[in-house]
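J.: Could you work out the structure for the sequence below:
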Amino acid sequence: MIRSMTAFARKDTRGDWGTLTCEIRTVNHRYLEPSFRLPEAFRELENRFREELYKSLKRGKVDVSMRLQSAENEVQSFEISEEMAKAVNEAANHVNRMLDNPAHINALDILRWPGVLSVPEKDYSCAKEAAANLFAETVAELVSVREREGERLRPLFEDRLATMSRLVSDVRERMPELLTAQEKNLRERFVKAKVELDADRVAQEMVMLAQKSDVAEELERLDAHISEVAETLQNDDAIGRRLDFLMQELNREANTLSSKSIDSAVTRAAVDLKVLIEQMREQVQNLE
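T.: Predicted coordinates for the structure are as follows:
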């Protein structure tokens with residue numbers, strides 16, 4: 001399965017406690033690197049979310065954002081410590097009696113005093129369970145998006161691989177013809193130089209030329225790597241790193257083929273191979 005590392009998923013859910021929205025955005029990265037922005041009430045869920053991500057994703061930089069919007073009909077309630085309020089009031093009155101020009105304390109002054117007014121802690125148990133379910137749904141959607149994005153690249157890879165196979169086959173078919181042409185050129189050079197044609201000397205030169213221009217191993221390895229890429233594309237596991245390695249190996253063989261070229265057609269084929277490999281490599285960098 002081809003999975004892209006670039007994807008985005010968004011889900012939301014509603015309840016008596018309000019509206020929860022979860023967004024997950026991923027981009028390419030060498031390893032799996034998640035980061036979370038969660039409401040403070042849900043901070044304890046981060047480890048649980050992290051474990052779920054590691055079960056579903058293998059690579060990528062992952063940004064998780066979750067927002068909680070309270071219900072519109074929710075009325076904010078407060079708790080007042082009457083004992084603390086009375087203590088503050090009595091202390092203020094006691095000080096006022098000591099002053100020549102006392103100032104009366106009002107209700108807001110007392111409410112501002114630490115410990116007098118507090119907001120009761122809400123019960124987020126239902127919202128936390130909803131957040132856990134919402135996160136799982138968003139991750140599932142993200143995986144689906146990554147798979148769809150990855151599968152869109154399959155025709156690109158298959159087309160490049162087919163073209164590369166044809167290029168390798170063409171070079172293999174041309175090699176006997178090229179060696180024959182090189183032998184003819186070598187004989188003509190001997191004639192122009194007015195050098196007596198010695199059969200052993202010609203044979204020796206042809207052996208050296210054949211060894212120098214022998215690309216059979218490179219062509220075999222190119223075929224093997226192309227087949228390996230095609231097989232890897234059918235694998236259900238994360239394939240990005242393996243494909244990246246295979247792109248390096250393909251490029252190495254194409255460079256060697258170019259360096260051993262004894263004909264402009266072979267050189268063009270090597271250049272075309274490197275262009276196709278680079279096109280695939282650019283896409284491979286974004287695969288899980």
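J.: pLDDT weak spots in the stretch 101-250 of the chain?
T.: Low-confidence segments of the stretch 101-250 of the chain, defined by pLDDT under 70: 118-121, 178-214.
J.: So which residues of the stretch 101-250 of the chain form helices?
T.: Using DSSP state H, counting those that start in this stretch, the helices of the stretch 101-250 of the chain run over 107-112, 125-151, 154-192, 199-213, 216-232, 240-259.
J.: of all these, which lies closest to residue 27?
T.: helix 125-151 (11.3 Å; C-beta to C-beta). All C-beta atoms are positioned from the backbone trio N, CA, C, and that covers glycine.
J.: So what's the gap between the closest one and the chain middle?
T.: 17 Å (C-alpha atoms, centre = their mean, to the nearest Å).
J.: Enumerate the positions of that helix that are buried.
T.: 127-128, 130-131, 134-135, 138-139, 141-143, 145-147, 149-150 (16 or more other C-beta atoms under 10 Å).
J.: Run the angle between it and helix 240-259 for me.
T.: 20 degrees (axes from the mean of the first three to the mean of the last three C-alpha atoms, to 10 degrees).
J.: Which other helices and strands does helix 125-151 contact?
T.: Packing partners of helix 125-151 (3 or more C-beta pairs under 8 Å, 6 or more residues apart in numbering; DSSP states H and E): strand 7-15, strand 18-27, helix 46-56, strand 60-70.
J.: how about those, which one is nearest residue 237?
T.: helix 46-56 (13.1 Å).
J.: Just send the helices and strands packed on helix 125-151 back as JSON lines, with mean neighbour count and distance to residue 215 too.
T.: Output for those, formatted as JSON lines (neighbours: other C-beta atoms under 10 Å; distance: least, C-beta to C-beta, whole Å):
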{"stretch": "strand 7-15", "mean neighbour count": "16", "distance to residue 215": "41"}
{"stretch": "strand 18-27", "mean neighbour count": "19", "distance to residue 215": "40"}
{"stretch": "helix 46-56", "mean neighbour count": "14", "distance to residue 215": "45"}
{"stretch": "strand 60-70", "mean neighbour count": "18", "distance to residue 215": "39"}
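J.: Make a markdown table from the ones you listed and add mean pLDDT and distance to residue 90 to it.
T.: Formatted as a markdown table, these follow (pLDDT from 0 to 100; distance: least, C-beta to C-beta, whole Å):
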| stretch | mean pLDDT | distance to residue 90 |
| --- | --- | --- |
| strand 7-15 | 94 | 45 |
| strand 18-27 | 95 | 41 |
| helix 46-56 | 95 | 46 |
| strand 60-70 | 93 | 37 |
